[in-house]
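In: Dropping the sequence and predicted coords here.
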Amino acid sequence: MRERLHRKANSYFAFEERRWDGTAQRLFLGATDALLDTEFALSNVAGGIPADRQQAVLACYGYLQALYIQQDAVALIWRALGIAGDPLADTKVRRVRELRNRVAGHPARAEKLGPGKRPSSAIINLHDISPSSGFKAVIYYDDEMDVVDVSFTQLLADNCGGLLKSLLEAERTMDERETGFRQNERAESLSEGFETGLTYTLEKLRCHPNDSRRKMAMGMLRRSLDDLEARLEDRGFLYDASEYAFASIRAGLRLGERLHEISEADCLQETWWVISEGIDSHVRDLLRHLKALDEKLAEAPG
């Protein structure tokens, strides 16, 4: 689930840096990284902790803390996406959170627990730590004591199961926004306007260097590039790939303007053939790039 969200944040148009608030994007990606790190750590602990008691008790505290970090990461994903509500409302998630607060967050005195919650102190019993399965936490309330059996695998399952619903809601939100973006943008093709008349322009571009049609074609291509670049910039589709093509085509056109300076008279046609071939190649690369964007806009997100 975490991998899907991370992939969509990096592949969806609506969540590109130019369209998404930078702070929200960093918040989201930091949270998905935290989910990855805690998943790695928790799965290792669930498979067993050190037999040494001093190391084992530290692993137990760390285990509870890592579960808490998972929860905070999911809450931050909702915040980054602007989703209203409580992503940690699941009953099992709340139980895990309270256990962490009492045992690992504020073991000396847990008091800020909300209306109707009792203050407590807590310890992890060193003699009741099982390196392969879990531990016992003793919680001391002001009027009684409670011994909680903590299973590594069960607590992880409770946390992940409860958080999964919130992550699915985050994914639904991302898919919905991307769908709306693509529906709006696909109405105006990125490639169609540029492709119109392109075959004629490229054909005339291959005319003899002294043919006036060559100069006319160079001017037509330059204006077409300027119009396209402005449209892509305005719509947020001017990527590095297209910027490289623009720069390369314009460099070829500049060489074409200086053809009589850079080539000997008896090599004019051959020199221009090489330059025009390069221009043609980059124009077609740019067109393929635009059509690929059009195709992606026409697809359903997923």
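Out: All right, it came through fine. No experiment lies behind these values; they were computed from the predicted model shown.

In: What is the strand of greatest length in the chain packed up against?
Out: Assignment by DSSP state E gives strand 120-130 as the longest strand of the chain. The contact analysis (3 or more CB pairs under 8 Å, 6 or more residues apart in numbering; DSSP states H and E) places strand 120-130 against helix 53-81, strand 134-141. Every residue, glycine included, has its C-beta placed from N, CA and C.

In: quick one: the helix or strand that the last one is followed by to strand 120-130, angle?
Out: Right, strand 134-141. For strand 134-141, the following helix or strand on the C-terminal side (DSSP states H and E) is strand 145-151. Angle, strand 145-151 to strand 120-130, by axes from the mean of the first three to the mean of the last three CA atoms, to 10 degrees: 40 degrees.

In: strands paired with strand 145-151, and their directions?
Out: Here strand 145-151 is paired, per DSSP bridges, with strand 134-141 (antiparallel).

In: Is Ile49 in contact with Val57, as I believe?
Out: No. Using CB atoms under 8 Å, Ile49 is not in contact with Val57; the gap is 9.3 Å.

In: who touches both of the two?
Out: Common neighbours of Ile49 and Val57, using CB atoms under 8 Å, 6 or more residues apart in numbering, are Ile129.

In: which one of those two has more residues nearby?
Out: More neighbours surround Ile49 than the other of Ile49 and Val57, with 24 against 18 (other CB atoms under 10 Å).

In: what residues are up against that one?
Out: Contact analysis of Ile49 by CB under 8 Å, 6+ apart lists 55-56, 59-60, 63, 129, 131, 152.

In: if you set the cut-off to 7 Å instead, what comes out?
Out: Contact analysis of Ile49 by CB atoms under 7 Å, 6 or more residues apart in numbering lists 56, 59, 131.

In: Return the closest of those residues with respect to Gly197.
Out: Ala59 (69.0 Å; CB to CB).

In: OK, contacts around Glu195?
Out: Counting by CB under 7 Å, 6+ apart, Glu195 has contacts Leu287.

In: circling back to that earlier point, could you dump the longest strand of the chain to CSV, C-alpha only?
Out: What follows is strand 120-130, C-alpha atoms only, in CSV (Å, rounded to 0.1, in the frame of the first residue of the first chain):
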residue,chain,number,x,y,z
SER,A,120,-0.9,6.0,35.0
SER,A,121,2.7,4.9,35.3
ALA,A,122,4.1,1.8,33.6
ILE,A,123,7.1,-0.6,33.3
ILE,A,124,8.1,-3.4,31.0
ASN,A,125,8.8,-6.4,33.2
LEU,A,126,12.3,-7.6,32.4
HIS,A,127,11.5,-11.1,33.5
ASP,A,128,8.5,-11.4,31.2
ILE,A,129,10.1,-10.6,27.8
SER,A,130,10.0,-13.4,25.2
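
In: any idea of the angle it forms with helix 53-81?
Out: 120 degrees.

In: Which residues belonging to strand 120-130 are considered buried?
Out: Using 16 or more other CB atoms under 10 Å as the test for burial, strand 120-130 gives 120-122, 124, 129.

In: Dump these to a markdown table, plus distance to Tyr68 and pLDDT.
Out: Conversion of these to a markdown table gives the following (distance: CB to CB, whole Å; pLDDT from 0 to 100):
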| residue | distance to Tyr68 | pLDDT |
| --- | --- | --- |
| Ser120 | 17 | 91 |
| Ser121 | 18 | 93 |
| Ala122 | 15 | 93 |
| Ile124 | 15 | 92 |
| Ile129 | 19 | 91 |
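
In: now those residues in JSON lines, with distance to Arg186?
Out: Shown next, in JSON lines, are those (distance: CB to CB, whole Å):
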{"residue": "Ser120", "distance to Arg186": "57"}
{"residue": "Ser121", "distance to Arg186": "60"}
{"residue": "Ala122", "distance to Arg186": "57"}
{"residue": "Ile124", "distance to Arg186": "57"}
{"residue": "Ile129", "distance to Arg186": "58"}
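
In: my read: Arg2 touches Thr38, true?
Out: No. Judged on CB atoms under 7 Å, Arg2 makes no contact with Thr38 at a distance of 9.7 Å.
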